[in-house]
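J.: build the 3D model from these lines:
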Amino acid sequence: MHPVLNVSEMNAVDAAAVASTPLDVLVGRAGMATALAAVDLLGGTYGRRVAVIAGRGNNGADGRHAARLLSARGARVRIVEAGGVDAIATADLVIDAAYGTGFRGEYRAPWVDPATPVLAVDIPSGVRGDTGEVSGSPLAAVRTVTFVALKPGLVQGDGLRLAGRVSVADIGLPPGPSAIDVMDDGDVATLLPPRRHDGNKWSAAVLVVAGSPGMVGAASLCARAAYRGGAGMVRLGVPGGSLSDLPAGEAVGVSLPTEEWSADALEVASRCAAVVIGPGLGRSASSAGEVRRLVAESPVPVVVDADGLFALGRVDGASAPAARSTVVLTPHDGEYGRLMGDRPGEDRIAAARRLAGAAGVVALVKGPTTAVADPSGRVLLGMAGTTALATAGTGDVLTGLIGATIARGVAPLEAAALAAHVHGRAGARGPAEGLVAGDLPDLVALVLSGLRPSPGGREGRRG
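T.: Model prediction:
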């Protein structure tokens, strides 16, 4: 995981550092990191034209120090005071060191030829450090060098788009504990337990309640994803559906009546390690009551998506679901609006925290950055996604994968975030054009196989 520090947390790190490390030393380290990034972008320094937009604060000081280092290596460097010019006509590189994460107000960057690369120092000037929202007209960077840790404004909102490739430079300051982290590939091996040597198919069993008569596509995707995510047994129940009509596959059918099916589902859930409910379930009034009962009384964690979220209705305040076990809600923007009364906006971190706190659940808010929060305010971010995943059914795959990850023994917060990361990596591994949701379960298995160490020891019992 990679820590993310908000503005106040970063200010505390800086304040603690100044007590033991002179400010000019810290500026020197940050300026050196900036200069090295600039050399990397330029491919050399001699004769290169570099314009450094520098403000009056520490961000500007970092840029000015980088300017001195580049000049000493033969670059032709020009310092441009923030707000001092309307355009930078000729340059091989522009270094944006106007303002940092604490900037408030509206920043109007000078015009820069779109062909000229921009290197941002800490964060693109004009992007709010805590939210990623834009104030004014910032420059789009091809790369951002930030210090100590990532910032919320670099991983969500317009900041994610404007920052380009982000690298975190070590300037000798420990980030300390963080309430927000970004998932990475290493977390798969760290968080996902190896299969028990004495395990059997019920050790990681998942109940999927999804689909409706004649509409079993979403249910099939969800069940396949659970299996490919490592579930040992998937029981699939389609309320009102005939067992003969269930999709072909390894999932074992559960007969559920059209009405009052929650009691039967709860009986099956008692043998499972996780329950997934919602994709393709339909939105009848009777179904809504059964969804709420299953969520409330399930003896194991429940992942709720799609029509399951619709059944819950508003969940803020007194209407939040009272549940026996941990509940994971997985809304996209429209579903979030129904649950909370308004859409999440650009600040996905705050949105996930609002839902988690109001409903007492683990909340996964989907988007270019997927934010997962628990009621304590802990947040994990999935950033491996790709626009190829913006196609029907991919959310059903994610839901099944979360259920499988929980069933394998990962705590719900970490399971949801880990599944989002693997889901994103699977999407990136598929074809650049024409990816469909049905491709993803097999890709998930390949990603997990590549990121998990080879199993050792005796195999678990089969069957």
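
J.: for the stretch 101-250 of the chain, what spans make up the strands?
T.: Ranges of strands in the stretch 101-250 of the chain, per DSSP state E, counting those that start in this stretch, are 107-108, 111-112, 118-121, 136-137, 143-147, 165-169, 180-182, 205-209, 233-237.

J.: is it possible to get JSON lines of these that adds mean pLDDT and mean neighbour count?
T.: C-betas here are computed from N, CA, C, even on glycine. Formatted as JSON lines, these follow (pLDDT from 0 to 100; neighbours: other C-beta atoms under 10 Å):
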{"stretch": "strand 107-108", "mean pLDDT": "94", "mean neighbour count": "18"}
{"stretch": "strand 111-112", "mean pLDDT": "96", "mean neighbour count": "16"}
{"stretch": "strand 118-121", "mean pLDDT": "98", "mean neighbour count": "30"}
{"stretch": "strand 136-137", "mean pLDDT": "92", "mean neighbour count": "12"}
{"stretch": "strand 143-147", "mean pLDDT": "98", "mean neighbour count": "24"}
{"stretch": "strand 165-169", "mean pLDDT": "97", "mean neighbour count": "15"}
{"stretch": "strand 180-182", "mean pLDDT": "98", "mean neighbour count": "22"}
{"stretch": "strand 205-209", "mean pLDDT": "97", "mean neighbour count": "30"}
{"stretch": "strand 233-237", "mean pLDDT": "95", "mean neighbour count": "25"}
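
J.: out of those, the one nearest residue 381 is which?
T.: The closest of the strands of the stretch 101-250 of the chain to residue 381 is strand 180-182. By C-beta to C-beta, the value is 4.7 Å.

J.: show residues contacting that closest one.
T.: For strand 180-182, the external contacting residues (C-beta atoms under 8 Å, 6 or more residues apart in numbering) are 1-6, 150, 152, 155, 349, 378-381, 383.

J.: nearest to residue 40, of the residues you listed?
T.: Proximity of the contacts of strand 180-182 to residue 40 (C-beta to C-beta) peaks at residue 150, which lies at 19.3 Å.

J.: how close does the residue lying closest to the closest one once chain neighbours are set aside get to residue 91?
T.: Once flanking residues are discounted, residue 150 sits nearest to residue 4: 4.5 Å by C-beta to C-beta, 6 or more residues apart in numbering. To residue 91, residue 4 is 31 Å away according to C-beta to C-beta, to the nearest Å.

J.: and the spatially most central residue of the chain, what are its bridge partners?
T.: For the chain, the residue nearest the mean C-alpha position is residue 382 (2.2 Å; C-alpha atoms, centre = their mean). Residue 382 has these beta-bridge partners by DSSP bridges: residue 370.

J.: OK, contacts around the residue nearest to residue 150?
T.: Residue 4 makes contact with 149, 150, 151, 152, 155, 178, 180, 181, 182, 381 under the criterion C-beta under 8 Å, 6+ apart.

J.: let me know the pLDDT of residue 391.
T.: Residue 391 carries a pLDDT value of 93.

J.: from residue 203, how far out is residue 269?
T.: Residue 269 is 15 Å from residue 203, by C-beta to C-beta.

J.: which of the two has more neighbours?
T.: Neighbour totals were compared for residue 269 and residue 203, and residue 269 leads with 25 against 18 (other C-beta atoms under 10 Å).

J.: ok, that one touching residue 299?
T.: Yes - with contact defined as C-beta atoms under 8 Å, residue 269 reaches residue 299; the gap is 6.2 Å.
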